[in-house]
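>>> model this:
(2 chains)
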Amino acid sequence: MKISRRNFLKGSATTLFLAGFNFPVLANTTKKKNLVIIMLRGGMDGLCAVPIIGDKNFEKRRKDLILDETIKLNSDFALHPKLKNFYNLWQNNLGAIVHATNIPYTKRSHFDGQNLMETGGHIPYAIKTGWLGRGMKLGELKGDGLALSLPMPLLLRGIPSNDNFYPSKKRLPRTELLQLLKSVYADKSEHDLANMMEIIANRSMMSSGGTSMSRKNSSLAYKAGLELKKINGPRVAVFEVDGFDTHAAQGGVNGSHSDSLIEMDSIFKSLEKGLGNEIENTLVLTLTEFGRTIEQNGGRGTEHGYGSAIFMAGGLLKKSQVYTDWPGLKRKELFEGRDLNSTIDARSVYASAMSTVFDTDFKRVQKEVFWGDKLQDLSDKLFKI
Amino acid sequence: MKNFYRKVAFGLGPKDKVPSDPLEWATSQLNDVPEFSWKGRILPEKELRNYYRDYVYGDRKVLRKKFKNDKDGYKREKNKLRHLTGQKFWWNLELCIRHSEALKSETPVLAKLWYFWGNHFAISEKDFLAQYTTGAYQREIIRANMNQTFEKMVQEATVAWTMIHHLDNNDNVGPKSQEAQWAKEKGRKVGVNENHARELLELHTVSPECGYTQEDVIQMAYVMSGWRPNWGKRRLETGDVHFNSEYHQPGTKKILGKKYKSGRKSLSAVITDLVNHPSCREFIAMKLCRYFITDNPTKEMMEPIIRAWEKSDGFLPDVHKAAVEVAFNYSNKHNKFQNPENWLLIMSKMSDVELVPTPKLMDLYTLGLKPTHEQRSLEYLLRELGHHPYLAKQPNGWSDLSEDWMSPELLIRRLVYAKEAYYKKNRKSQTNEFYEEMVEKNYDNPNEILKTINQQGDLSNRHVMLFNLPETLKS
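Here you go, the predicted model:
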């Protein structure tokens, strides 16, 4: 381990100081930019996905979970060997990682943590809207959200008329019936229902024959990619991947944590396929409630921890990099003596991403979406501005 | 006015007579809590909790260790354990019991209010509560107290095992308690967990309208510290809830300006004061109006409910009757968007769809086996509709607001499962006459409705239309 915490901090102090004077240039309105968030539920183990190279503490405390044949990203960090699609992106400057980061939540409840990762707040269940919904409202993106799930995720709440896609196993009624219902809704001034039925009727016309589509994330992501690509399509999409809560048999390369990471990886691949060239104008970020303990437990799994990592993909990234203010893994450097610390508030990354993609001043995002909390503008570090 | 039958119940079925006095028909259902109309087996909560225990113990203490290097073996054995403890069966049985009250009982109005209270004191998706004990909690703690005072319901719900576990009160330890001392000596850190305390104030009783502070929440958590399951090596966290003074924060606590002595009795004393706070009755009155009448209740609507509460000291049958009467008086002015479960039950009742598997079919189930497709049909259907009552996402339960149920996919589900339901009907009710009679009985504008749905030639499409008309979606 050659890097020290101090090295990483160099340079960031000056930009912090300048952040307030750094007004972004107004949008080039002809270019449609997309933001995709993948929620990783259960606590994604950043140290399994992006392990540190050559750290004795790490190797000692996790000896049964150390991965063989990881992919070397730089002199300090490697990548889980099953994340092949992400690595492809990385090689083309379309993939990057923020490490040792988390939302400012230090307790270890999934439910509170998942609530906070979606609201962006500090007190579980106190806020009823999501940071992404509030950001979209600020960017005036009504009707531009697409959730790949049945209910509207809390993350998107805060702006009306979002669409969702999670195909039913059953065939839709005929378009004619849908049109009739739409006109009944309109006649009765049921505008919300009429709007929804319009979306449904259009969808029914597009789908050929009504064969039921798969609900696998890889298929949903391909579909979402095609939609995001359209100039009048959605600009924001939200995915969910479950199963990161691996208390047992987390295993190595073929363990249960790998299964969930592979599912995440498949989203990257299918999105890229669906988006085609528009991957250049897209930013994909992951979001999780917390990382996992460094130490393996008696069942060769890990417990709920704190610091984790964010995967980022897309052409709006500045470059391939592992961006981190690495806190170290010696016992005294760990959070409460057991977890990777978080040295970057994950909300700084999300606020910077929204500022970049929605062409909104970072300060406004900070103030109106995150209540003026102390966040860093990382736009020029991480993204093309 | 006929929307009143759907507003406070699930409409009138083909065998139901049209009541001569609708209000009397509704309020007379609210005096008692009758036996369940489900004729199959009904298990006590404690027995179901034992199955939960067997699952948790078997997974955590046995399988995780035994299969630490064998992911596939672990998955396989865990699946066996799921079936041995009925993990995929019990909640389906609970849904049968629940839905029979709406569809087969003499008291559908009571059933609709039961669902309201179950959601008010919601157990949201956590661990495997939904699969084992949430349904039983709703029977034994919620429904059983519907002919008692609101206070009694709060007292019992607050210390119910399922609620304590759901809101993490097991982790709520007084920082100056004996346990905290011991933990410190061993180098462990313990302290308050405010979760349950906050929800007791915010969601269950006075609501933020009453103006409590963060300090009140912490003080409430101190009062609640020590209420936890009796822990055992084999039963783990599934023992009965009791008050353990070793975990209790010593000293006087102060909540909303009033002082409480430390100890076992303080929680009950605080609850008594909370339920008698004016904000509590206003909050409940508002929620009842929001459930039955409109997304935006007015003071005038809430007023009679608050008065009934004050007159009866929160005696629930009186509160319920007042709410139902307000719903009756506003039935011509407001239509309330029906959540997916209530909508499904309205459709099943009015159009005579056999939704609930028979007791005979359910009682055929043997532990260790995977339940059949038919035995699991309700759980599947509710999940597909996006509204499983035991799987709310947050402790504030499922939303009452129509905007939260507006998504293209959620409305698509209503279209496709209306069609599915039609094909589950018996042939004799698949006739024009059946639909004409049903529409006549349940809607104030039958001619207009029939004219609209008859634009579709096929009867199954007319059925889909009917149950997706604004008049049905909003009742």
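>>> From B:Arg139, how far off is the most centrally placed residue in chain B?
Centroid-nearest residue in chain B, with C-alpha atoms, centre = their mean: B:Gly118, separated by 2.7 Å. Note on B:Gly118: its distance to B:Arg139, by C-beta to C-beta, to the nearest Å, is 9 Å. Quick note: C-beta positions are derived from backbone N, CA and C, even for glycine.
>>> Tell me which stretches of chain A form strands.
A:34-40, A:71-72, A:78-79, A:95-102, A:145-147, A:163-164, A:236-241, A:282-288, A:308-313, A:322-324, A:344-345 (DSSP state E).
>>> Then the stretch 201-350 of chain B?
B:227-229, B:241-243, B:253-255, B:258-260 (DSSP state E, counting those that start in this stretch).
>>> for those strands, which one sits closest to chain A?
strand B:227-229 (16.1 Å; C-beta to the nearest C-beta).
>>> Break chain A into its domains for me.
Following automatic domain parsing, one gets these domains for chain A: A:31-167+A:213-382, A:169-211.
>>> which of the ones you listed has the lowest average pLDDT?
The minimum mean pLDDT among the domains of chain A belongs to domain A:169-211 (a mean of 84).
>>> wait, does it contact chain B?
Yes. Counting by C-beta under 8 Å from any C-beta of the partner chain, chain B has neighbours in domain A:169-211: A:169-174, A:177-178, A:180-181, A:184-185, A:188, A:190, A:192-193, A:196-197, A:199-200, A:203.
>>> Which among these count as buried?
Buried members of those, counted by 16 or more other C-beta atoms under 10 Å in any protein chain shown: A:170, A:172-173, A:177-178, A:180-181, A:184-185, A:190, A:192-193, A:196-197, A:199-200, A:203.
>>> Next, the distance between the ends of stretch B:425-444.
25 Å (C-alpha to C-alpha, to the nearest Å).
>>> How about it, which residues are buried there?
Residues B:Lys425, B:Gln430, B:Phe434, B:Tyr435, B:Met438, B:Val439, B:Lys441, B:Asn442, B:Tyr443 are the ones in stretch B:425-444 that count as buried (16+ other C-beta under 10 Å).
>>> Nearest to B:Lys253 among those?
B:Asn442 (52.8 Å; C-beta to C-beta).
>>> before we move on, could you check phi and psi at the closest residue to that closest one other than its chain neighbours?
Sequence neighbours aside, B:Gly11 is the residue nearest to B:Asn442 in space, at 5.0 Å (criterion: C-beta to C-beta, 6 or more residues apart in numbering or on different chains). With angles defined as degrees, to the nearest 10, B:Gly11 sits at phi 80, psi -180.
>>> for stretch A:56-63, the distance to its chain's centre please.
Centre-to-centre, stretch A:56-63 and its host chain are 28 Å apart (C-alpha atoms, centre = their mean, to the nearest Å).
>>> these two touch, right, the residue nearest to B:Asn442 and B:Met350?
Yes. Between B:Gly11 and B:Met350 there is a contact under C-beta atoms under 8 Å: 4.2 Å.
>>> Can you pull the residues that touch both of the two?
B:Asn442 (C-beta atoms under 8 Å, 6 or more residues apart in numbering or on different chains).
>>> State the pLDDT value of A:Pro24.
Here, the pLDDT recorded for A:Pro24 equals 44.
>>> neighbours of residue 219, just the number please.
Chain wasn't specified; assuming chain A. Neighbourhood size, A:Ser219 [other C-beta atoms under 10 Å in any protein chain shown]: 15.
>>> The chain in question should be chain B.
Neighbours of B:Gln219 (other C-beta under 10 Å): 23.
>>> Tell me the bridge partners for the spatially closest residue to it that is not a sequence neighbour.
Leaving aside its sequence neighbours, B:Gln219 sits nearest to B:Lys253 (C-beta to C-beta, 6+ apart; 4.5 Å). Using DSSP bridges, the bridge partners assigned to B:Lys253 are B:Tyr260.
>>> Now for the residue in the stretch 51-200 of chain A positioned nearest to chain B: which residues touch it?
Going by C-beta to the nearest C-beta, chain B is nearest to A:Lys170 of the stretch 51-200 of chain A, at 3.8 Å. When contacts are counted by C-beta under 8 Å, 6+ apart, A:Lys170 touches A:Ser212, B:Val416, B:Tyr417, B:Lys419, B:Glu420.
>>> Tell me which helix or strand comes right after the helix or strand harbouring the fourth one.
What that stands for is B:Lys419. Element membership of B:Lys419 [criterion: DSSP states H and E] is helix B:408-424. Next helix or strand after helix B:408-424 toward the C-terminus (DSSP H and E): helix B:432-442.
>>> What are the contacting residues of that following helix?
By C-beta under 8 Å, 6+ apart, the list of residues contacting helix B:432-442 from outside reads B:2, B:5-6, B:11-12, B:14, B:16, B:18, B:350-352, B:428, B:446, B:449-450, B:453, B:459, B:462-463, B:466.
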